[in-house]
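A.B. asks: 3D model of this:
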Amino acid sequence: MKIRRHSALVAGIAALALLIPALPAHAAADPDAAADALAETVAEVAPAAVVAADLDAHPTGVAAPLEGGGETVLATDPSNGIAVTAADGTNLLSFSLPAAARLDDAAIADDGSVSYLGDAKTPSVSVLAAEDAIRVATVIDSPAQAQRFSYDFGEGATVEIQEDGSAIVYVVEPVTDPETGETTDVEKIIADIAAPWAKDANGADVPTRYVASGAVLTQVVSHAAGKHAYPVTADPTFDRPNIFQYRIRFNRAETATIASGGAGVIASIGCGPMLPVCVLAGSVIWWNASVAQNSNPKRCVQITATQPYIVVGLYWWVNTYSGGPCR
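C.D. replies: I've put the predicted structure just below:
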């Protein structure tokens, strides 16, 4: 492919042409044109514009820098998926692409998105890596193509669907309080995923939702049952991972104890290394625990703390939840 077509690429990565070979003939006679057409299809129906970050050459494909440090790596071979790394090279997040084994190798469109073209049976995938987000769009060409598109976040990860239809992915991580030496298991959130959307070629909504199974997030797009204009575009968008984002969920008994005992009992419940945050948020936790205790069906209280890359400082919020350990 002609790397010159993406003006944001620096001159020194002309060798990328050797990393991303031309696509097989079944994908398109001109893979560059096919990549551009795919990008245009997504852009025409996307609810919000996303601007691609400049791309640099990477040993496995291309990389897009992230605001505040780190990068998103988009592999030439779709089977290698997408990875987000910190500035020091630490892996923050990685996930597979739907039907990766049946997709062609990467091609870069004029808008800076990376296309993995499918065939008559396999929807194509367009990945656009911005400085603060990753948009992964699947483009479905006919009613005969799949209606379920899965993203695997790997061993140890758990996907959780939120009440607003969005999703998070977390891993359980032991954290030791340097002052007390106490080690507590906390949930480290490694991905925030916006609620899914799906549009047909006319911009009409197509029914879609997420389902979760362990480390796998699946977007279900019910396109075959309706009278939709093809292609149908479906998208999950991933926020850029924070430096850290931890969550502690209190169970039913703990929530009841907080609700009845007030903020003064929080230290004894088990916040572990997040105890300073729990103390700071004590009255808010108590208020939410009281709301949860009076709800029907009963809910539980949780606290999340995060440190963003761009805005200096620690941020926390408290809300209620159902399911999981709320029993």
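
A.B. asks: Show me where this protein has its helices.
C.D. replies: With DSSP state H as the criterion, the chain has helices at 16-19, 31-45, 252-261, 275-280, 282-293.

A.B. asks: what mean pLDDT would you report for the shortest one?
C.D. replies: Helix 16-19 shows a mean pLDDT of 38.

A.B. asks: before we move on, back to that, ok, which of the helices of the chain comes nearest His228?
C.D. replies: His228 lies closest, by C-beta to C-beta, to one member of the helices of the chain: helix 31-45, at 11.7 Å. Yep, even glycine has a C-beta here, placed from its N, CA and C like the rest.

A.B. asks: Which other helices and strands does the closest one contact?
C.D. replies: Under the contact criterion of 3 or more C-beta pairs under 8 Å, 6 or more residues apart in numbering; DSSP states H and E, helix 31-45 touches strand 107-108, strand 114-116, strand 124-129, strand 133-140, strand 232-235.

A.B. asks: and stretch 95-113, how far from the chain's centre?
C.D. replies: 16 Å (C-alpha atoms, centre = their mean, to the nearest Å).

A.B. asks: how about it: buried residues?
C.D. replies: 95-100, 103-109, 111-113 (16 or more other C-beta atoms under 10 Å).

A.B. asks: How far does it stretch from one end to the other?
C.D. replies: 17 Å (C-alpha to C-alpha, to the nearest Å).

A.B. asks: any idea of the mean pLDDT in that stretch?
C.D. replies: Here stretch 95-113 scores 96 as its mean pLDDT.

A.B. asks: hmm, back to that, switch the helices of the chain over to a markdown table; also include mean neighbour count and distance to Pro207.
C.D. replies: Formatted as a markdown table, those follow (neighbours: other C-beta atoms under 10 Å; distance: least, C-beta to C-beta, whole Å):
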| stretch | mean neighbour count | distance to Pro207 |
| --- | --- | --- |
| helix 16-19 | 16 | 38 |
| helix 31-45 | 20 | 15 |
| helix 252-261 | 18 | 34 |
| helix 275-280 | 18 | 39 |
| helix 282-293 | 20 | 31 |
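
A.B. asks: quick one, what contacts the residue nearest to the spatial centre of the chain?
C.D. replies: The residue lying closest to the centre of the chain (C-alpha atoms, centre = their mean) is Phe238, at 3.1 Å. Residues near Phe238 by C-beta atoms under 8 Å, 6 or more residues apart in numbering: 93, 133-136, 191-194.

A.B. asks: quick check, nearest of those residues to Gly264?
C.D. replies: Gly264 lies nearest to Asp192 out of the contacts of Phe238, by C-beta to C-beta, at 32.6 Å.

A.B. asks: Could you find the closest non-adjacent residue to that closest one?
C.D. replies: Asp239 (4.3 Å; C-beta to C-beta, 6 or more residues apart in numbering).
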